[in-house]
Each structure stands twice: as C-alpha cells, then as structure tokens.
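1. fold the following for me, if possible:
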Amino acid sequence: MSSVIEAARFSVLDRSRTREGHPVGAALRDTVALAREVEALGYHRFWVSEHHGVPGVAGSAPTVLAAAVAAATATIRVGTGGVMLPNHRPLVVAEQFGVLESLFPGRIDMGLGRSVGFTDGVRRALGRGKEDAEDFGAQLRELLGWFRGASPAGVHARPAEGLTVPPFVLAMGEGARIAAEAGLPLVIGDLRDRDRLRRGVDDYRARFRPSPWAAEPYVVVSGAVAVAGTPEEARRLLVPEAWSTAHSRTRGTFPPLPPADRVETLPMTARERGFYEAALAGQIAGTEEQVTRALETVLKDTGAQEVLVTTSTHDRRALLESYRRLAAVVRGGGRAPRAGSGTRGT
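-> Numbers count the residues shown, from 1 in each chain. As a prediction, this is how the structure comes out:
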C-alpha cells in the first residue's frame, strides 16, 4: 500500500446537486443518505455547502442540512464546506455552530468561505455586494472571537461561547493568506490546476502563524475523484458536472445534472465544447490503480494531510460505487466493503 495515501484522511463534500427528472427535495434526502453510506465506508468527514438561487444546487442552508446529517449518522464528523461568511453576521454563524456542537458534541466542523452570491440578483437579495468579500479577514476574527468570549458591549454568543468548533477556511489566493495569518486549517482546490494548487499551499505554509486553533499548518486538497471498473466508466461519472459547468459559463445558469448518456449526444458549440473539455481535464478519474497513482502524485506534490472528495454526478448508484472503490484504495486494495456494512478506518 502507498504510505502517503495510508497517512492521509479522506472526506466527502456533497453539494446536494439536483438531477434532471427528480424533485429538488430529493437532492437533500440523497445527501443525508449518502452521509450514512460514506460513514459506513469509514470516511473521516462529511460536509455540505451553501449556494443561493442556483437551479442545480438544493443546499442553500448548510447548518440546517448539517444538523439533519449529524442526526442521521453516529461517528463521522459533520460540517460545512462552507458557510459563506460574507453572507451572514458572524454572531449568527457562531450561534448556529454553537447549537450544532451542543447537540452533537465533538463531531462538528466549521468550514468557512469568502464568496458572495453567484449573480448580481442573488447578491441583491442577500443584501450583499462583491466588496463584502474584502472584509472576510475582519469577519473571521469577529466570528472566532465569539467562541472565545471577546464580546462587545456585554453581548455573549450562546451557546457558542466557550465551545471549540474546529474552523477551516476554503480559499485560494488572498483567502489562503488570511487562513495562514489566522492560524487556521486550509481547504484548497481544485485539482485541475496543479501548479496553482502547489503555489497556494506553499504560500499558506510559508505565512502560517500558530494559533489556539492550530499549532501547525493543516492542508486539505479538494476536488473530484471518480473510480470505476474502466477509465471510460470513471470519466462518464464526471460528464454531467462538466456539462453543467460549460452551460453556466456560456449561458449564465448552473442547471440540474443531466444523465451522461444525454450529454454525450448533445450538439455543442466550439465555446461550449472548450469549457466542457476543460472541466473534464485534470480530474482524478480511472480504475483503482490509476486513481492510486494520481492521488500519490497530488499528496506528494502538496504534502496535504487530507483529501476532500467533491464528486457529483446524475447516477447516484454509480457515485456510491465510486466512493466504495475509493475506500478500498485508501485501505490498500482488496475487496471493497459493501455499502452500509459498517466498515471503519478510512
């Protein structure tokens, strides 16, 4: 078995992607069901995301969905990847995570991002603008302060004050520098631009300052990982998301995931084809052996301690099979556990 893979943690981020032909609510129920399955496969964390006004994503309230996931599972860590801090008052975020940690002690992670709404209309509806992302550092300090009792005018964040909820920053560039200077773990992607990924990790480590939250740098690399019996089957898992990405780049909306069969018969303009192929390029996809080699390269290049897998596809059964095969890769090969069998150790 690869020692570098054996040493790493593997976790899952599910964005509650909607699928053509299925009601929106099914995406949320699928997320909760997937959390139970990957817990049985031994993954370390299960995170959910925040998107507003996006037809292709049902997950708009991550702390609410995290509560449902935590209630449906028993041991896996649960968190957000992430709450977009510029969209919220730090006090409210602290209170929400304080409630989660109080209900599910020792299992909650607080993943935080600096993005604002996907479109101008969404930003207006949220009462935010692009400039709000520029205040992320100050918002982050205020949020962490609520847990430490640094409260203005005698206000206290209850039940957050005095609790320890591990914070993570999801970022590239400036956000990664903020994470380093605050002494927080970093979640960084994507896997398609390896040079940029490596530069971001190196800069984060060089700037890192120890803090009460983390004594040393901690890096989580995130991206899609698809494992199947053949390279072609693994690539097909990535096709629906790649087409949705191309659609969003050319038409301004991020749609529900279509079946791979339909995407492969679609006529595409040269521009659409370019975005589509770019979305497929550089992802980790293939057989167990191919994925093992690719993960070894990423982990050696970045020195990351953890991989956060973010794969989305139309076929949920195929997605679960991919996670089952990946769990076998992480444990060093052999027969993968049957989903739901309760196997631990990833």
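2. which other helices and strands contact the lengthiest helix in the chain?
-> Longest among the helix segments of the chain by residue count, using DSSP state H, is helix 231-251. Packed against helix 231-251, as judged by 3 or more CB pairs under 8 Å, 6 or more residues apart in numbering; DSSP states H and E, are the following elements: strand 225-227, helix 260-263, helix 270-280, strand 284-286, helix 288-302, helix 316-330. C-beta coordinates here come from the backbone N, C-alpha and C atoms, glycine included.
3. low-confidence ranges, the stretch 101-250 of the chain, go.
-> Of all residues in the stretch 101-250 of the chain, those with pLDDT under 70 make up the ranges 117-120, 127, 129-134.
4. avg pLDDT for stretch 83-94?
-> Per-residue confidence for stretch 83-94 averages out to 93 on the pLDDT scale.
5. how about stretch 325-344?
-> Per-residue pLDDT values over stretch 325-344 give a mean of 59.
6. is it correct that Pro255 falls within a strand?
-> No: applying DSSP: H, G, I helix; E, B strand; the rest coil, one finds Pro255 to be coil, outside a strand.
7. that one and Ser244, how far apart?
-> 6 Å (CB to CB, to the nearest Å).
8. what touches both of these two?
-> When contacts are counted by CB atoms under 8 Å, 6 or more residues apart in numbering, Pro255 and Ser244 are jointly contacted by Gly56.
9. more neighbours: these two, which one.
-> Taking other CB atoms under 10 Å, Pro255 and Ser244 do not tie; Ser244 has more neighbours (26 against 16).
10. list the contacts for that one?
-> Going by CB under 8 Å, 6+ apart, Ser244 touches 56, 254-258.
11. mind listing what's buried along stretch 289-301?
-> Applying a neighbour-count criterion of 16 or more other CB atoms under 10 Å, one finds 291-292, 294-295, 298-299 buried in stretch 289-301.
12. now swap in stretch 110-127 and tell me
-> So, applying 16+ other CB under 10 Å, buried residues of stretch 110-127: 110-118, 122-123, 126.
13. for it, give me every contacting residue.
-> By CB under 8 Å, 6+ apart, the list of residues contacting stretch 110-127 from outside reads 47, 50-54, 79-87, 93, 97, 128-130, 132-133, 136, 140, 143, 165-171, 175, 178, 187, 252, 254.
14. how does it look with 6 Å?
-> 47, 52-54, 79-87, 97, 128-129, 132-133, 136, 165, 167-170, 175 (CB atoms under 6 Å, 6 or more residues apart in numbering).
15. what's the burial count for Arg107?
-> In terms of burial, Arg107 registers 18 neighbours under the definition other CB under 10 Å.
16. what does His22 give?
-> Number of residues near His22 (other CB under 10 Å) recorded here: 15.
17. what's near enough to touch it?
-> His22 is in contact with no residue at all, counting by CB under 6 Å, 6+ apart.
18. need the buried residues of stretch 110-127 in CSV (columns: secondary structure and distance to Val225).
-> Formatted as CSV, the buried residues of stretch 110-127 follow (DSSP: H, G, I helix; E, B strand; the rest coil; distance: CB to CB, whole Å):
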residue, secondary structure, distance to Val225
Met110, strand, 24
Gly111, strand, 18
Leu112, strand, 23
Gly113, strand, 21
Arg114, coil, 25
Ser115, coil, 23
Val116, coil, 28
Gly117, coil, 28
Phe118, coil, 25
Val122, helix, 29
Arg123, helix, 32
Leu126, helix, 32
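19. for Arg123, give its distance to Gly53.
-> For Arg123, the distance to Gly53 (CB to CB) stands at 10 Å.
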